[in-house]
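[1] model this:
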Amino acid sequence: MLLSEVFVGLGDKSFDGLVRGISIGKLRTYQLYEPFKARARLVKLNTEHLHRAIPRLWARLAEKDEEFAKELAQAVLLSHFELVQAVLDFLGIPNENGFFSKDLDRTPYLTAGWQQRVYDKFHGAWPEPALLLYINHLAWELGKNEEIFQP
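    Sure, this is the predicted structure:
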């Protein structure tokens with residue numbers, strides 16, 4: 001499954017919430033402001049311009065623009081970094097403040113039913129669109145999701 005399909009599969013209302021939740025400050029802190037602005041094809045990146053661009057961004061995902069989907073997922077997940085850290089800690093995946101080694105074999109940590117367990121644990125504590133995106137993103141990153149997880 002493609003990451004762009006994850007966004008589309010979560011629906012346009014969830015997408016709207018995810019984009020509106022992007023923190024411009026965190027993008028600047030992690031030096032992703034300029035790369036995201038370029039990938040989003042925005043002349044100026046602020047909350048107003050980002051919100052106005054939602055229909056165009058959605059159309060690009062519907063067209064399976066995978067490079068944009070990766071950049072967007074990174075921006076959204078950075079904006080919900082505490083969620084990422086909490087999920088990794090809950091699953092017992094070794095990480096350094098939310099970042100884990102790309103060559104780490106995470107398979108032993110993602111046992112049967114892990115997606116539902118994560119959802120049950122964090123549902124209500126975090127915005128549902130962000131939680132579902134991260135669950136599906138983690139599965140996508142491992143190449144283990146055949147279909148989108150929806151509780």
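[2] can you pull out the low-pLDDT segments for this protein?
    101, 106, 143-145 (pLDDT under 70).
[3] try 80 this time
    Filtered on pLDDT under 80, the chain yields the residue ranges 95-107, 142-146.
[4] domain parsing for the chain?
    Here the chain is described, according to automatic domain parsing, as comprising the domains 3-79, 81-141.
[5] Lys68 - how many residues pack around it?
    Not quite, residue 68 is Phe, not Lys. Phe68 has 20 neighbouring residues, counting by other C-beta atoms under 10 Å. C-betas here are computed from N, CA, C, even on glycine.
[6] who's in contact with it?
    Phe68 is in contact with Ser4, Arg39, Ala40, Leu57, Arg60, Leu61, counting by C-beta atoms under 8 Å, 6 or more residues apart in numbering.
[7] one more time with 7 Å, if that's ok
    Arg39, Arg60 (C-beta atoms under 7 Å, 6 or more residues apart in numbering).
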